[in-house]
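Visitor: Could you work out the structure for the sequence below:
(chains A and B)
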Amino acid sequence: DAGITQSPRHKVTETGTPVTLRCHQTENHRYMYWYRQDPGHGLRLIHYSYGVKDTDKGEVSDGYSVSRSKTEDFLLTLESATSSQTSVYFCAISTDVRPQHFGDGTRLSIL
Amino acid sequence: GDSVTQMEGPVTLSEEAFLTINCTYTATGYPSLFWYVQYPGEGLQLLLKATKADDKGSNKGFEATYRKETTSFHLEKGSVQVSDSAVYFCALSDGNSGGGADGLTFGKGTHLIIQP
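Guide: Presented below is the predicted three-dimensional model:
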């Protein structure tokens, strides 16, 4: 989507390695989110941010950390990737009145 | 906590058939309700929303009415097309602005297949 860019779009890595996914927005939206999508689970919230350096945990935050040093960038880090973290990861953005708008996703495979 | 329940499918219909995808929710307070659609290989797109009881969201021939008494937000379309084949997600957020900091709680998604 034009307002949200996720990178990389695809990544294959090995168990135990660190991985960082990036979400970049050009909309100047205050709120940013990371979700993971798995078959049979829909989307589940990992972490979210309500401003620069302000973040909080979601439903499935174990094993993940985030950082937001600039309004436009929200990073998701897997410190030591495990096979259970193989998933499709989506970033989303919103404002106080605008619903969440999603990026195109990052497909992460951990072997 | 909040939860959303929807039929998972796959739901298979013929072109021009009437569509209903059921969605019910559990939430405290007065949530906002959403339907998102995901086409193969893509992210989620907002299809429609409703932020208070009895509101009707509509877009592209799809409709859903926020029913507080039955805690439901069923998605309907009068005549489906092959191009409507996708996965549909019902979701809610706390608060009635439609936006805000709260993350969305999603149903598991309904895979819709429309045959010519």
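Visitor: can you list contacts of the strand ranked longest in chain A?
Guide: If you go by DSSP state E, chain A has its longest strand at strand A:42-51. By CB atoms under 8 Å, 6 or more residues apart in numbering or on different chains, the surrounding residues in contact with strand A:42-51 are A:30-38, A:55-61, A:64-66, A:68, A:71, A:74, A:76, A:89-90, B:4, B:44, B:89, B:91, B:101, B:103-109. Every residue, glycine included, has its C-beta placed from N, CA and C.
Visitor: Buried residues of it, list them for me.
Guide: The neighbour-count check on strand A:42-51 (16 or more other CB atoms under 10 Å in any protein chain shown) flags A:42-49 as buried.
Visitor: ok, the residue sitting nearest the centre point of chain A - contacts?
Guide: For chain A, residue A:34 is the residue whose C-alpha lies nearest the centre (CA atoms, centre = their mean; 3.2 Å). Neighbour list for residue A:34: A:21, A:23, A:45-48, A:58, A:64, A:66, A:74, A:76, A:89-91 [criterion: CB under 8 Å, 6+ apart].
Visitor: Which secondary structure element is home to it?
Guide: Here residue A:34, judged by DSSP states H and E, is contained in strand A:31-38.
Visitor: in chain B, which spans are strands?
Guide: B:3-6, B:11-14, B:19-21, B:23-26, B:32-38, B:44-50, B:56-59, B:62-65, B:75-77, B:86-93, B:105-106, B:110-115.
Visitor: can you tell which of these is closest to residue A:82?
Guide: Among the strands of chain B, the nearest to residue A:82 by CB to CB is strand B:105-106 (23.0 Å).
Visitor: how near is residue B:114 to residue B:13?
Guide: Remark: distance between residue B:114 and residue B:13 (CB to CB, to the nearest Å) = 6 Å.
Visitor: more neighbours, those two?
Guide: residue B:114 (19 against 16; other CB atoms under 10 Å in any protein chain shown).
Visitor: so what's that one scoring on pLDDT?
Guide: If you check residue B:114, the pLDDT there is 97.
Visitor: any idea how far it is from residue B:58?
Guide: 19 Å.
Visitor: Buried ones in stretch B:18-30, by neighbour count?
Guide: B:19, B:21, B:23-25, B:27.
Visitor: just stretch B:49-65 next, same as before
Guide: Buried-residue list, stretch B:49-65, by 16+ other CB under 10 Å: B:49-51, B:55, B:57, B:62-65.
Visitor: Can you name the two of those residues that sit furthest apart?
Guide: B:51 and B:62 (17.0 Å).
Visitor: measure stretch B:4-18 end to end?
Guide: Stretch B:4-18 has an end-to-end distance of 23 Å (criterion: CA to CA, to the nearest Å).
Visitor: three-state assignment of residue A:84?
Guide: Three-state call for residue A:84 (DSSP: H, G, I helix; E, B strand; the rest coil): helix.
Visitor: That one: what's it in contact with?
Guide: Residue A:84 touches nothing, counting by CB under 8 Å, 6+ apart.
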